[in-house]
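Chemist: okay, here's the prediction I keep looking at, along with the sequence it came from:
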Amino acid sequence: MAPGGPGQVPYGYPGGLAHGHGYGYPPPGPGAPGYYGWPGMQPLPSNGMGTAGLVLGIISAVVFCLWPVAIIVGVLGLIFGSIGRAKARRGEATNPGQALAGMICGAAGVVLGLGTVALVIATS
């Protein structure tokens with residue numbers, strides 16, 4: 001075996017194993033491309049609050065006959081929808097329409113639930 005390694009480095013492997021890098025890849029370390037988190041990549045959007053607001057708003061509008069549940073779930077839909085809209089405004093989320101729809105459906109569920117309460121009280 002030769003002092004520099006097992007002979008000439010084959011074509012296509014610049015640097016080779018004899019230089020300690022292995023198969024032409026740059027050595028790992030600070031600033032090496034493709035290592036630990038891909039620099040320059042944006043974080044994924046956090047759309048959970050807007051989606052939760054939409055789901056809770058739809059539930060509150062659908063089950064308005066169960067007025068205590070509709071009012072509580074509708075208020076939660078309004079809260080989560082407004083948090084989702086704020087995140088979308090800051091650029092952390094990409095679903096401002098879902099959050100707005102959650103706020104609208106949540107408000108409708110609260111109004112329908114309160115209307116059901118008023119109807120129950122009026123007929124009693």
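Modeler: Done, it's in.
Chemist: and stretch 63-83, what's its mean pLDDT?
Modeler: The pLDDT scores in stretch 63-83 average 96.
Chemist: need the residues that contact that stretch.
Modeler: Defining contact as CB atoms under 8 Å, 6 or more residues apart in numbering, one finds that stretch 63-83 is touched by 49-50, 52-57, 59-61, 99-103, 105-110, 112-117, 120. Using the backbone N, CA and C atoms, a C-beta is placed for each residue, glycine as well.
Chemist: list the buried residues for that stretch?
Modeler: The neighbour-count check on stretch 63-83 (16 or more other CB atoms under 10 Å) flags 63-64, 67, 70-83 as buried.
Chemist: what is the burial count for Arg55?
Modeler: That one is not Arg; residue 55 is Val. Neighbour count of Val55, defined by other CB atoms under 10 Å: 16.
Chemist: could you check how far it is from Leu114?
Modeler: Computed as CB to CB, to the nearest Å, the Val55 to Leu114 distance reads 21 Å.
Chemist: for Leu66, same thing?
Modeler: 13 Å.
Chemist: next: Ala99.
Modeler: Taking CB to CB, one finds Ala99 at 23 Å from Leu114.
Chemist: ok, Leu114 - contacts?
Modeler: Trp67, Ile71.
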